[in-house]
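Colleague: heads up, no residue letters with this:
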């Protein structure tokens, strides 16, 4: 097979180095265009390089491997996850028909994954986006804690805001804005922690510093430089959308 491009995203340095060394030995034709230590860097790499293959750690700082996988698949990439999940969770990978490498990665298992990737690249079919979404639903823990209320500061007062009232969250300096239809407040909880307690079907991260309620989105526009922003129903304010998250808006 001719030259194949890839990115590798793994937040643990020893695991990252070992995987790169094994890839060099097992797949000489592979050109690794970017090596990333967290999910946000991986999203940027997908948007910049549009690789054919992405090796992604499931659990990474900033953005999960599943979020990066959706962007990568939208850009036409094939995905292999690296994971330390237990046997029960591994069955979710198998049921979702998405390849994975159990840490620490074994050379023989990597070789099988490479052969499967080569077959997929040659075949050029499969609805991988649907498989990623199925995998995410299978991996989501039952009874996972989700926020119902946000305790936020409004001037000298503390207000309890129901999560159903929130239109978007926006990081600003050391705080996060919590914006509703008729008010706003600030909290100190980082966006990364907020995301862990939000329903991913109701709230999307659309930018490094913005998480928005999907139902509140009215439209997406691009300016003459190709930069995207979304407008929300009933609000004049617009919000930025990073190139790495544009895949969420296909068909809108």
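Modeller: Thanks, I have the structure now. Please read all numbers here as calculations on a predicted model, not as lab measurements.
Colleague: List the residues that contact residue 64.
Modeller: 39, 58 (Cβ atoms under 8 Å, 6 or more residues apart in numbering). The way it works is simple: take the backbone N, C-alpha and C, and place the C-beta from them, glycine included.
Colleague: And it, how far from residue 232?
Modeller: Relative to residue 232, residue 64 is positioned 25 Å away (criterion: Cβ to Cβ, to the nearest Å).
Colleague: Then residue 216?
Modeller: Distance from residue 216 to residue 232, counting by Cβ to Cβ: 5 Å.
Colleague: what's the overlap in contacts for those two?
Modeller: Contacts common to residue 216 and residue 232, judged by Cβ under 8 Å, 6+ apart, are 167, 168.
Colleague: quick one: low-confidence ranges for the stretch 151-252 of the chain?
Modeller: When residues are selected by pLDDT under 70, those of the stretch 151-252 of the chain lie in 251-252.
Colleague: Try it again at 50.
Modeller: Applying pLDDT under 50 to the stretch 151-252 of the chain flags no residue at all.
Colleague: Now do the strands in it.
Modeller: 157-162, 166-172, 175-180, 184-187, 203-207, 210-213, 217-222, 228-232, 238-241 (DSSP state E, counting those that start in this stretch).
Colleague: What lies in contact with the last one?
Modeller: Outside of strand 238-241, the residues within contact range by Cβ under 8 Å, 6+ apart are 168, 170, 206-207, 210, 212, 220-221, 227-232, 249.
Colleague: Looking at the residues you listed, state which has the most neighbours.
Modeller: residue 206 (25 neighbours; other Cβ atoms under 10 Å).
Colleague: what's that one in contact with, if anything?
Modeller: Here residue 206 is in contact with 212, 230, 239, 240, 241, 242, 245, 248 (criterion: Cβ under 8 Å, 6+ apart).
Colleague: Likewise for residue 63?
Modeller: Taking Cβ under 8 Å, 6+ apart, we find residue 63 in contact with 38, 39, 40, 42, 43, 205.
Colleague: Same check on residue 149?
Modeller: Counting by Cβ under 8 Å, 6+ apart, residue 149 touches 160, 161, 162, 163.
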